[in-house]
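Engineer: sequence first, then the predicted structure:
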Amino acid sequence: MVETEKSIGIVTRRVDPNDRRARLISFTPRGYALLERVYSAIAEAEADMEAAVGKRAFSQVREALATYVAGGAAVGVGEASA
């Protein structure tokens, strides 16, 4: 599952010294740098959206999306709902 991330150098995987059956996944410095760029891009996009629709409307959209995700709706994205 993390092979792609490992192959591009953003995570490492090692055996858990407390449970040799388990693996520990950690971000590399390159991975942390990528996260920082992603979070900055998200913050910029959110600021742009808030500027376009207003603080109140943007807050309502964020709240609605948080409720949607908390309800498990994001699980199985792309799958037909029952």
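Structural biologist: On my side now, so go ahead. Predicted model, so just to flag it, every value in this text is computed and none were measured.

Engineer: only C-alpha atoms from now on, for both contacts and neighbour counts.
Structural biologist: Fine.

Engineer: who's in contact with the lengthiest helix in the chain?
Structural biologist: When every helix of the chain is counted residue by residue (DSSP state H), the longest turns out to be helix 29-53. Residues outside helix 29-53 that contact it (Cα atoms under 8 Å, 6 or more residues apart in numbering): 9-11, 57-58.

Engineer: so of these, which ones are in helices?
Structural biologist: Reading helices off the contacts of helix 29-53 with DSSP H, I get 57-58.

Engineer: any of the contacts of helix 29-53 buried? List them.
Structural biologist: The neighbour count (16 or more other Cα atoms under 10 Å) marks 10-11, 58 as buried among the contacts of helix 29-53.

Engineer: pick out the most distant pair among the contacts of helix 29-53.
Structural biologist: Longest distance between any two of the contacts of helix 29-53 is 39.3 Å, between G9 and A57; criterion Cα to Cα.

Engineer: please name every helix or strand in contact with the lengthiest strand in the chain.
Structural biologist: With secondary structure taken from DSSP state E, the chain has its longest strand at strand 19-27. When contacts are defined as 3 or more Cα pairs under 8 Å, 6 or more residues apart in numbering; DSSP states H and E, strand 19-27 packs onto strand 11-16.

Engineer: tell me what angle the strand it packs on forms with helix 29-53.
Structural biologist: Orientation of strand 11-16 against helix 29-53 (axes from the mean of the first three to the mean of the last three Cα atoms, to 10 degrees) gives an angle of 130 degrees.

Engineer: next, the buried residues of strand 11-16.
Structural biologist: Buried residues in strand 11-16 (16+ other Cα under 10 Å): 11-12.
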